[in-house]
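Asker: need a 3D model of the following:
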Amino acid sequence: MSGLHQDAVRSLQDWTAPDPEQDLLRRDYLDHLLERSDGMYRSCRPAHITASALVVDIERGRVLLTLHPKVGRWLQLGGHCEPEDATLAAAALREATEESGITVGLALFPDRSRSSSTGTRSTAPAGTSRRTPTWTSSTW
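Answerer: As a prediction, the model looks like this:
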């Protein structure tokens with residue numbers, strides 16, 4: 001099991017869902033990861049975990065979204081995890097940097113609800129991927 005896989009399992013185990021529907025999704029994601037050692041990667045079919053980031057401009061009170069080409073909706077930045085990603089937060093930051101073009105000043109918010117600083121949250125599946133956003137900040 002990779003460090004990324006372990007980080008995702010730990011993030012989902014440590015997260016307290018705000019309602020029963022989100023807890024059901026949390027448990028579904030955990031089951032998926034416990035059944036599939038490749039559950040973090042695009043090659044895992046029919047579903048896999050992806051990482052995403054909500055890029056926030058705190059000074060101007062804005063968020064940066066992207067029009068998803070397959071879904072046709074405005075979403076937070078994100079995408080597939082790569083073998084070199086050590087954590088979900090690292091994958092989310094890499095994706096946010098790649099998709100936004102912001103190369104200076106993009107940083108993760110610390111998560112005050114956990115001892116680590118990944119800032120991971122769980123959301124509903126998007127397509128066949130399971131997106132796990134991380135909060136980032138920047139000024140653009």
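Asker: does Trp11 touch Leu88 like I think?
Answerer: To be clear, residue 11 is Ser; Trp isn't right here. Yes. Counting by CB atoms under 8 Å, Ser11 does reach Leu88; the two are 6.0 Å apart. All C-beta atoms are positioned from the backbone trio N, CA, C, and that covers glycine.
Asker: compute the first-to-last residue distance for stretch 27-44.
Answerer: From its first residue to its last, stretch 27-44 covers 18 Å (CA to CA, to the nearest Å).
Asker: quick check: buried residues in it?
Answerer: 29-30, 32-33, 36, 39-41, 44 (16 or more other CB atoms under 10 Å).
Asker: any low-confidence regions in the chain?
Answerer: 110-140 (pLDDT under 70).
Asker: tell me where it has strands.
Answerer: 48-57, 62-64, 66-67, 74-75, 77-80, 107-108, 129-137 (DSSP state E).
Asker: so for Ala17, which of the ones you listed sits nearest?
Answerer: For those, the distance to Ala17 is smallest for strand 129-137, at 13.0 Å, taking CB to CB.
Asker: hey, where'd the helices end up in the chain?
Answerer: Taking DSSP state H, the helices of the chain run over residues 3-14, 20-35, 88-100.
Asker: make TSV out of these and add distance to Gly78.
Answerer: Below are the helices of the chain laid out as TSV (distance: least, CB to CB, whole Å):
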stretch	distance to Gly78
helix 3-14	14
helix 20-35	15
helix 88-100	5
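Asker: nearest to Val63, of those?
Answerer: Closest of these to Val63 is helix 88-100, at 11.2 Å (criterion: CB to CB).
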